[in-house]
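1. Would you be able to build a 3D model of this:
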Amino acid sequence: MTLRDWFAGKFLAGVAASPDTALEVPADCRQHELDAALAEHWGQVARAAYIAADAMLAVRGNAA
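-> A predicted model of the protein is given here:
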């Protein structure tokens, strides 16, 4: 595991623990629709986690 992965994992843990990031799903949603919506939602969160990790690494590299 790289430091980038570790930073991204910490970001994901924080996001997953926040009720503000919950995905709202209609009550009549079919399972395949729910699966697709969750995959899209968490895919976007994962991309954001690596963007955040890259930013953390950039700042870390500039700190002396």
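2. make it CA atoms for all contacts and neighbour counts henceforth
-> Will do.
3. Can you mark which positions in the longest helix anywhere in the chain are buried?
-> Identified as the longest helix of the chain according to DSSP state H is helix 31-62. Within helix 31-62, the residues scored as buried using 16 or more other C-alpha atoms under 10 Å are 34, 37-38, 45-46, 49-50, 52-54, 56.
4. As TSV, those with distance to Pro26 and pLDDT would be great.
-> Formatted as TSV, those follow (distance: C-alpha to C-alpha, whole Å; pLDDT from 0 to 100):
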residue	distance to Pro26	pLDDT
Leu34	9	88
Ala37	11	87
Leu38	13	87
Val45	20	93
Ala46	23	95
Ala49	26	97
Tyr50	29	97
Ala52	30	97
Ala53	32	96
Asp54	34	96
Met56	36	95
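5. Serialize those to JSON lines and add fields for distance to Ser18.
-> As requested, the buried residues of helix 31-62 are exported to JSON lines (distance: C-alpha to C-alpha, whole Å):
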{"residue": "Leu34", "distance to Ser18": "20"}
{"residue": "Ala37", "distance to Ser18": "18"}
{"residue": "Leu38", "distance to Ser18": "16"}
{"residue": "Val45", "distance to Ser18": "12"}
{"residue": "Ala46", "distance to Ser18": "15"}
{"residue": "Ala49", "distance to Ser18": "14"}
{"residue": "Tyr50", "distance to Ser18": "18"}
{"residue": "Ala52", "distance to Ser18": "16"}
{"residue": "Ala53", "distance to Ser18": "18"}
{"residue": "Asp54", "distance to Ser18": "22"}
{"residue": "Met56", "distance to Ser18": "20"}
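6. what residue ranges in the protein score low on pLDDT?
-> 63-64 (pLDDT under 70).
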